[in-house]
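*Asks:* This is a predicted model, with the sequence first.
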Amino acid sequence: MATESLTRCYRFARVDFEPDLRLLVWPDKSETALTLHESRLLEALCYFAGEVISHKSLSDKTFLPQDSMSQIQKIDLASVFNSLRRKLTVEGVMAIPIEVLPHFGFRVPLPKETCRHIHRFTQPEKLPAKLSPQPAVTTVKTRRPHRSATEHIVKHSLMHKLSVLLLAAAGIAIVIVSNL
């Protein structure tokens, strides 16, 4: 059984980046999950592909205002950048080369293609009868990220919760006024 999802895709020569799913999809169809901040960082670079984006602009786009201040203080752009570089490097070559221009910023080359892409998630036919007591092995390449960016916003964004509350209040006000 397979599930499909329509996602945005930045297609480069060595890898596809699907920001909606926070995934790097390799030519052999294996996938590497990215953290929320790694995905935001790479998405900002891809959005401005071919242009130089300053450290400040990149930081602002990576750490959105909805992130709590405690998270921003604990997470540094350099550590996110280094983590992303490790995930993009295969056999000593970066699949999406990120050019660092001292005193100016960062730049990635233009992707071969930007498109909407149908991503297929394969699911096991049935669950194993009994889980083995072996410890879990952590791998870099995974099948699917745990949460989508939209799910993260819905669960953690104060602005989202406030806008839903205001829309509900407006709906109730319209019903009350129309019944007068």
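*Replies:* Arrived safely, thanks for sending.

*Asks:* Please identify the helix or strand for the residue lying closest to residue 21 once chain neighbours are set aside.
*Replies:* Excluding the flanking residues, the one nearest residue 21 by C-beta to C-beta, 6 or more residues apart in numbering is residue 7, at 5.5 Å. Where you see a C-beta, it was placed from the backbone N, CA and C, and this is true even at glycine. Using DSSP states H and E, residue 7 sits in strand 2-11.

*Asks:* neighbouring strands for that strand, and are they parallel or not?
*Replies:* Looking at strand 2-11 with DSSP bridges, its partner strands are strand 16-18 (antiparallel), strand 113-122 (antiparallel).

*Asks:* about what we covered before: for the residue nearest to residue 21, which residues make a bridge with it?
*Replies:* Following DSSP bridges, residue 7 is listed with bridge partners residue 117.

*Asks:* Please report how far it lies from residue 37.
*Replies:* Relative to residue 37, residue 7 is positioned 19 Å away (C-beta to C-beta, to the nearest Å).

*Asks:* do the same with residue 60
*Replies:* For residue 60 relative to residue 37 (C-beta to C-beta), the value is 13 Å.

*Asks:* ok, back up a step: now do the residue nearest to residue 21 against residue 177, distance only.
*Replies:* Distance, residue 7 to residue 177, by C-beta to C-beta: 41 Å.
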